[in-house]
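[1] for reference, the sequence and a predicted model appear below.
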Amino acid sequence: MFVVPSLGNLSALRSLRVLRALKTVTAVPGLKTIIGALTDAVMHLRDVAVLTLFMLSIFALIGVQLYRGTLLRKCVIPWPGFNTTVGGALVSQLVNDVYNNKSFDPLLTTEIKSIFNGTVLSK
């Protein structure tokens, strides 16, 4: 056996021995029909996948154009460092209580609800 030490162990080429099992496809006539049907099915599924991705991209573009900017106006708690104009002291107290893991439920307080409704305005 001729071995070239600079090439090292060619285990990648040894993994091609798995393809020897494909010789049995020609030996069994029913297996050749099944393999042919599977190949045709994969080709048709590829076409369906391309069409699905195309339609999905079209709907994504339509969705971006329809909803542009509207999802930016949502009620969130501003993080520290933001310039809050509506009830800044109460919101900063809320953020501090949440960060310090105190038992504080913002949904039960009327002040927080009025801030999110926009009824409390600072001057």
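    Received the coordinates, thanks. Numbering: from 1, shown residues only.

[2] any idea which helix is longest in the chain?
    Scanning the chain for the longest helix, with DSSP state H as the assignment, gives helix 29-66.

[3] average model confidence for it?
    Averaging pLDDT along helix 29-66 yields 91.

[4] give me the domain ranges for this structure.
    11-66, 75-117 (automatic domain parsing).

[5] show the average pLDDT along the last one.
    Translated: domain 75-117. Computed over domain 75-117, the average pLDDT equals 57.

[6] show me the contacts for T26.
    Counting by C-beta atoms under 8 Å, 6 or more residues apart in numbering, T26 makes contact with K32. C-beta: built from backbone N, CA, C; applies to glycine.

[7] distance check, it against S15.
    As judged by C-beta to C-beta, to the nearest Å, T26 and S15 stand 22 Å apart.

[8] over to F59?
    Note on F59: its distance to S15, by C-beta to C-beta, is 42 Å.

[9] what do you get for M43?
    26 Å.

[10] how many neighbours does G30 have?
    7 (other C-beta atoms under 10 Å).

[11] got it, and L31?
    By other C-beta under 10 Å, neighbour count at L31 equals 12.

[12] was I right about it contacting L22?
    No - counting by C-beta atoms under 8 Å, L22 is not a contact partner of L31; they are 10.1 Å apart.
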